[in-house]
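Engineer: dropping a prediction and its sequence here:
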Amino acid sequence: MPKPDGGLIKALLPDPRLTSTIVRMATPVIFAMLTQTLINITDTFFVGKLEPSVSIPGQAALGYSLPLIWIVGGCLSAIGVGTQAITARRFGAQDLPAAGQVLTNSLLLALITGTIFSIGSYALCPWMFSFLTNDEAVLSLGVPYTQIRLLGVLSMVATMSVKSFFDGIGKTHHHMIAAIVMNVVHLILNYYLIFGIWIFPELKVEGAAWASLISTYIGLFIMLGWTLAPKYRNNFRHFRIQNVSRRVIWEITRLSVPSGLATVFVMAGVLMFMRIVGLLDEAAVEQAMAATGIYTGQGALPYALHQSALLDGQSLVGTAMASDWTHVMLQNRPAVYSAATKVVFDISSLCFISSLAFGTATATLVSQSLGKDQPEMASRYGWESVRIYASFMTLIGLLVFIWPEHALDLISDDAVVIATGVTGMRIMAVLMPFMAIGIICTQALFGAGNTMFVMIVELILHFTCLVPLAYLLSNVIDLGFLGVWVASASYIFLLAMIMGWKFWEGKWKDIKV
């Protein structure tokens, strides 16, 4: 097995020059990704300010809609992996017109696939949403919201295409500026469209969807505006009809499809993981129902039939009357495990997003170095990035491990949720440096063009480790909430070890893009 340019020892030694380059390129990506996450958070926040008959099913609808949006949009947005890898490789070789040709074909591919999937997913949305919930109130709010958001798949994919081109040539600050403007517009539109301020109609949950849709297209137009700048148009010559090439389209597709499938596997795995956590909440409800004797004993059947008629009444959907308040009182309180998991995920996502930003910078530097025929420098960039951020996440993880309640308190005010989430938060705190290693090495392999390996690993780990192990430990062995986090720890640790080993192995240096 070949040794990687100095091996792991070099990874532990600081290199100020490499560190400066990585941090300078990664910082705009971090800001851009953090501002992008505000779209979904802002929607949830403002919808929560509506009257309870709308806010409760509305927030539930938003929770179900996001995985659907990401399974479609996130999968297609994987076009950015191929675009960035090939652009950076051509840019590193100083072949600027060839780099511009990548943008031409990537954007064409994005416009075609984005349009088809925007229209197709809009039409299929009611059918897809019905797989996630049977609650009529949630469906009545969630389907229109999701359909409107799915019309933004085109803007999401096209934006990712342009963003990945600029990332590939090292101009990561362009997307940061677009993301900031986009989210300011989204925040303003959310307020006006949800509550009907000034001349705008009160659209409530649909208003949040329209605000998100409009802001994403504004972000796309800003990114397209950057491509029209003379310094890019003259040097890269991307907007030329003769640039269209089936070969380049195929190369982008070949590198991007495995990444897109990996995104689908990840999102499906997360959905099933959350479903397993939900089983713990359902078990808690059943235990509470049994303990209180609800719907048992003399007179229970007529009461249950009457309540069922209320729940099925179409005219009452979305109103307070269409609720079984006995169940509501019991079910709202026991959903602590799902709430705690969401909070732990939100805190951990800060590690994920920032590590992904460093990984994006690493992917560009790795690919550019390979384009310059400098595989040793590519390896050094990879390990330097791992060293920087794994060390930083070790410090953050230590602080979170010591004071998990303070971390959870940043998002939740519920003492029960915070107390329940402490165990999971401490486990994730220990895993933060491993998360950084796994994500950065994964992105570095993407930059080198080794996308198929990443897809296979994600498929295997999600469906042979994370999901079945979480169910086995939590529901079969009966470790409960601890079990799902032990499974999560196993997945993250294995991902870090496998991706770290693959990057250390060094065979990616021979991949031709």
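Structural biologist: Arrived safely.
Engineer: which SS state does Asp373 fall under?
Structural biologist: Classification of Asp373 into helix, strand or coil gives coil, according to DSSP: H, G, I helix; E, B strand; the rest coil.
Engineer: counting neighbours, what do you get for it?
Structural biologist: Neighbouring residues of Asp373 were enumerated by other C-beta atoms under 10 Å; the total is 10. Where C-beta positions appear, they are placed from N, C-alpha and C, glycine not excepted.
Engineer: try the one 5 residues further on
Structural biologist: By the measure other C-beta under 10 Å, the count of residues near Ala378 is 27.
Engineer: does Gly207 really touch Asn190, like I thought?
Structural biologist: Yes. With contact defined as C-beta atoms under 8 Å, Gly207 reaches Asn190; the gap is 7.1 Å.
Engineer: so for those two, which sits in the more crowded spot?
Structural biologist: With other C-beta under 10 Å as the criterion, Gly207 and Asn190 differ in neighbour count, and Gly207 comes out ahead with 26 against 23.
Engineer: leaving out chain neighbours, which residue sits closest to that one?
Structural biologist: Sequence neighbours aside, Leu193 is the residue nearest to Gly207 in space, at 3.3 Å (criterion: C-beta to C-beta, 6 or more residues apart in numbering).
Engineer: how far away is the one you found from Leu356?
Structural biologist: 30 Å (C-beta to C-beta, to the nearest Å).
Engineer: one more: Arg237?
Structural biologist: 31 Å.
Engineer: ok, now Thr19?
Structural biologist: Using C-beta to C-beta, we find Thr19 at a distance of 18 Å from Leu356.
Engineer: more crowded one of those two?
Structural biologist: Leu356 (20 against 14).
Engineer: distance check, the more buried one against Met128.
Structural biologist: In this structure, Leu356 and Met128 are separated by 27 Å, where distance is defined by C-beta to C-beta.
Engineer: check Val248 and give its pLDDT.
Structural biologist: Predicted confidence (pLDDT) at Val248: the value is 93.
Engineer: please name the nearest non-neighbouring residue to His186.
Structural biologist: Ser215 (3.7 Å).
Engineer: what is the burial count for the one you found?
Structural biologist: By other C-beta under 10 Å, 25 other residues sit near Ser215.
Engineer: does it sit in a helix or strand, and which one?
Structural biologist: Taking DSSP states H and E as the criterion, the element that holds Ser215 is helix 205-227.
Engineer: in that helix, what counts as buried?
Structural biologist: Using 16 or more other C-beta atoms under 10 Å as the test for burial, helix 205-227 gives 205-220, 222-223, 226-227.
Engineer: quick one: the helices in the stretch 251-400 of the chain?
Structural biologist: Along the stretch 251-400 of the chain, the segments classed as helices by DSSP state H, counting those that start in this stretch run 300-312, 325-332, 336-371, 375-402.
Engineer: pretty sure Ala489 is touching Met435, no?
Structural biologist: No. Under the criterion of C-beta under 8 Å, Ala489 lies out of contact with Met435, with a separation of 10.4 Å.
Engineer: run a quick check on the residue nearest to Gly207 versus Leu213, I expect a contact.
Structural biologist: No. The pair formed by Leu193 and Leu213 falls short of the contact definition of C-beta under 8 Å, at 10.5 Å.
Engineer: where in this structure is pLDDT low?
Structural biologist: Confidence mapping of the chain against pLDDT under 70 gives the ranges 1-14, 36-41, 56-57, 59-60, 63, 132-135, 281-336, 339, 342, 411-414.
Engineer: please redo it, this time with the cut-off set to 50
Structural biologist: Where the chain drops to pLDDT under 50, the residues are 1-4, 7-8, 11, 294-295, 297, 299, 316-325, 327-334.
Engineer: spit out the contact partners of the most centrally placed residue in it.
Structural biologist: The C-alpha lying nearest the average C-alpha coordinate of the chain belongs to Trp70 (C-alpha atoms, centre = their mean; 7.2 Å). Counting by C-beta atoms under 8 Å, 6 or more residues apart in numbering, Trp70 touches Thr263, Met267.
Engineer: what about it, distance to Leu62?
Structural biologist: 13 Å.
Engineer: go on, Ala93?
Structural biologist: Looking at Ala93 against Leu62, where the rule is C-beta to C-beta, the gap reads 45 Å.
Engineer: those two: which is more packed in?
Structural biologist: Set Ala93 next to Leu62 and count neighbours by other C-beta under 10 Å: Leu62 wins out with 23 against 15.
Engineer: and the more buried one, what element?
Structural biologist: Following DSSP H and E, the helix or strand that holds Leu62 is helix 52-69.
Engineer: now the angle between helix 205-227 and that helix, please.
Structural biologist: 40 degrees (axes from the mean of the first three to the mean of the last three C-alpha atoms, to 10 degrees).
Engineer: can you name the element that comes right after helix 52-69?
Structural biologist: Using DSSP H and E, the helix or strand that directly follows helix 52-69 along the chain is helix 75-76.
Engineer: run the chain-centre distance for that next one.
Structural biologist: 12 Å (C-alpha atoms, centre = their mean, to the nearest Å).
Engineer: need the residues that contact stretch 346-356.
Structural biologist: Taking C-beta under 8 Å, 6+ apart as the criterion, the residues outside stretch 346-356 that touch it are 29-30, 33-34, 37, 389, 393, 396, 400, 407-408, 410-411, 425, 428, 432, 435-436, 439-440, 443.
Engineer: so how far is Val484 from the residue lying closest to Gly483 once chain neighbours are set aside?
Structural biologist: Using C-beta to C-beta, 6+ apart and skipping the chain neighbours, the partner closest in space to Gly483 is Leu473 (3.1 Å). With distances taken as C-beta to C-beta, Leu473 is found 7 Å from Val484.
Engineer: packing partners of the helix or strand containing Leu141?
Structural biologist: Secondary structure assigned from DSSP H and E places Leu141 in helix 136-150. Using 3 or more C-beta pairs under 8 Å, 6 or more residues apart in numbering; DSSP states H and E as the contact test, the elements touching helix 136-150 are helix 52-69, helix 96-129, helix 205-227.
Engineer: any idea of the angle the shortest one forms with helix 96-129?
Structural biologist: This means helix 52-69. Helix 52-69 and helix 96-129 are oriented at 130 degrees to each other (the same axes, to 10 degrees).
Engineer: domain parsing for this structure?
Structural biologist: Here the domain parsing of the chain from automatic domain parsing is 293-332, 339-513.
Engineer: chain center to the longest one, what's the gap?
Structural biologist: Computed by C-alpha atoms, centre = their mean, the separation of domain 339-513 from the middle of its chain amounts to 13 Å.
Engineer: list the contacts of the nearest residue to Met25 once chain neighbours are set aside.
Structural biologist: Nearest in space to Met25, with sequence neighbours left out and distances taken as C-beta to C-beta, 6+ apart, is Ala361 at 3.9 Å. Contact criterion C-beta under 8 Å, 6+ apart gives Ile22, Met25, Ala26, Val29, Thr172, Ser385 as the residues in contact with Ala361.
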